[in-house]
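[1] Output the structure for:
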Amino acid sequence: MKSVKLMLFFLTMLQCSLTTASEYAIGDHLTELALADQFEQPIVVDSKTRWILFSRSMDGAEVARTALEGMTTAQLQQLGLVYVADVSGMPSLILKFVAQPKMQELSYVIALDKEGEATKFYPAAKGTAALLDVDAMQVTQIRYFDKAEALKYVLTELMK
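    Here you go, the predicted model:
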């Protein structure tokens, strides 16, 4: 009986530690990420990636979209930047028939996390887009932008 209680205690503690895992922070190593873009083509976040632009909310996506206006997929690839969006909060029919076709009109690709699992530990602040600086898949800096102009300025500086 005592060993059963002890086993239950350890299982409970393990479950608690698993459920309190937090978002990525500076110094953390990211796992390689493979998602599909708005055209259902594969996009990978790997050791070649230098920056990850991430949005989880509609407001954050709007900041990113406005800041990326006029930029192309080729420019982002040359820079080593991947734009990743967690769209799991969007109803799947809206995503499929409205949002995704609208995204296909953009001049750059977006890696879409439709389930929310792949990016669940990516940092996000309400109403912002996050820019993660990465070096060999290690997070070296995290910046949050609630204004597209500020993000556009930083992206323009990175391209120099």
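[2] mind listing what the residue most central in space within the chain touches?
    Nearest residue to the geometric centre of the chain (CA atoms, centre = their mean): F54, 3.6 Å. Counting by CB atoms under 8 Å, 6 or more residues apart in numbering, F54 touches 60, 83-86, 119, 122-124, 129-132. All C-beta spots, glycine's among them, are computed from the backbone N, C-alpha and C.
[3] ok, and the most crowded of the residues you listed?
    Neighbour counts for these, by other CB atoms under 10 Å, peak at A129, which reaches 31 neighbours.
[4] Can you say which helix or strand has the residue nearest to the centre of the chain in it?
    When elements are assigned from DSSP states H and E, F54 belongs to strand 51-55.
[5] my guess is I142 contacts T128, does it?
    No: using CB atoms under 8 Å, I142 is not in contact with T128, being 10.7 Å away.
[6] Which neighbours do these two have in common?
    Common neighbours of I142 and T128 (criterion: CB under 8 Å, 6+ apart): none identified.
[7] rewinding a little: nearest to I94 among the contacts of F54?
    Closest approach between those and I94, by CB to CB: A85, at 14.0 Å.
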